[in-house]
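Asker: predicted model and sequence below, questions to follow.
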Amino acid sequence: MHTSTRAYDRQDERLRGRRPVEAPADIEPISPPAKRRMLIIVNPYAATVSDRLRHLVVYALQGRFEVDAVDTEACGHATEICREAAHEGYDLVVAFGGDGTVNEAANGLLGSSTPLCCLPGGSANVFGRLLGIPGELVDATEHLLSLADDWRPRKVDLGVVNGRCFTFASGLGLDASVVQRVDAKPHLKARLGPYYFTWVATSTYLRRYLRSPSRLRVHAGGAALEGVTAIVQNGPRFTYFQDRPIDVAEGASLDSGALAGAVLHRATLLGMPFLGWRALSRRARVVDHRQVTGLERFTELTVRSADARPLPLQVDGDYVGEVSEARYSIMPRALNVVA
């Protein structure tokens, strides 16, 4: 038995002509859930950040969050902004920039309940990848949108060196000298990415570390080691060469409660190419190189100059200056994140 089309039309007309049903006076209408407040901290000088991308990201995220955005204006500004954001009760802070911006944000949110997330805007975006955030901006933005329905903050560890926190890695010696020279030309860093790092690493080694490198002494757990470079990691990755992870120290994760490290004893002309090959290999391990000693699961470590020359220091891929001593420790579960 079939109902005629005319009957359906008459029924539709009746429905459209009805007055809306009013809710009883004693029942309050159901309002949509309030959006979480998000503050996006934008580093306008980061490698892949532009005004156009900034506006597109804010527009997209406004669909699920109440979004404010602010640009950083100087070194350390992101730390100040994050402290204010935590005080003002934001539900989430998003660092849109490179790992240096993320580092400043983490230092500003330290000790607060406000979680941190990040969007890739730098050349490596190591911490974001360790949290599981995609390396492409569009994918990362979609990932952040999904967090509105899958809100699960968690705590991660932070490393500390001379009172400054780091999220994934810090280094002294050759490593930090390379970072210093790369940071001096940000336009080349943004344009050439990991290839510029490779060129600078090679030229820095040949100029400064082939004949008379500054030497350092590492003290950890009663042992003393000498070398030309020391790496300390809070996470399993030291950096990335495009999409390929570079693993140096082994045994650290963001929630292990311990750090991991590696010491390069000598940087010989014959040994360095093999060390570079191990760093890029998917099978060989850096800590198996005969000039490298790995240090696993420690909570404190001290690095001092062994020849009275100051040591260059980098934190999360940003050069911070020269020191005669670096004291490392771990702050377990110190930072709230959402990812």
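Answerer: The structure has been received and is ready for your questions.
Asker: which residue is nearest the centroid of the protein?
Answerer: F127 (2.6 Å; C-alpha atoms, centre = their mean).
Asker: that residue: which element?
Answerer: Here F127 sits within helix 126-131, counting by DSSP states H and E.
Asker: which residues does that helix contact?
Answerer: By C-beta atoms under 8 Å, 6 or more residues apart in numbering, the residues outside helix 126-131 that reach it are 99, 102-103, 117-120, 135, 140, 156, 167-169, 235-240, 254, 316-317, 337, 339. Heads up, the C-betas are built off the backbone N, CA and C, glycines and all.
Asker: okay, now the domains of the chain?
Answerer: 36-152, 166-334 (automatic domain parsing).
Asker: in the helix or strand hosting V156, what's buried?
Answerer: Using DSSP H and E, the secondary-structure element containing V156 is strand 154-161. Using 16 or more other C-beta atoms under 10 Å as the test for burial, strand 154-161 gives V156, D157, L158, G159, V160, V161.
Asker: now stretch 180-195
Answerer: Neighbour count says stretch 180-195 has Q180, R181, V182, K189, A190, L192, G193, P194 buried, by 16+ other C-beta under 10 Å.
Asker: so what's the gap between stretch 176-194 and the chain middle?
Answerer: 17 Å (C-alpha atoms, centre = their mean, to the nearest Å).
Asker: quick one: end-to-end distance for it.
Answerer: The separation between the terminal residues of stretch 176-194, taken as C-alpha to C-alpha, to the nearest Å, is 15 Å.
Asker: what sits up against that stretch?
Answerer: Contacts for stretch 176-194 (C-beta under 8 Å, 6+ apart): 45, 47-48, 123-124, 171, 196-197, 199-201, 204, 208-209, 240-242, 311-314, 317-319.
Asker: next one: stretch 215-232
Answerer: Counting by C-beta under 8 Å, 6+ apart, 159, 161, 169-175, 209, 213-214, 238, 248-249, 259-267, 293, 295, 298, 300-307, 309, 311, 328 sit against stretch 215-232.
Asker: filter those residues down to the buried ones, ChimeraX style.
Answerer: Command for ChimeraX, covering only those of the contacts of stretch 215-232 found buried under the criterion 16+ other C-beta under 10 Å:
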select :159,161,169,170,171,172,173,174,175,209,213,214,238,248,249,259,260,261,262,263,264,265,266,267,293,295,298,301,303,304,305,306,311,328
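Asker: from the contacts of stretch 215-232, which land in helices?
Answerer: Residues of the contacts of stretch 215-232 located in helices (DSSP state H): L174, D175.
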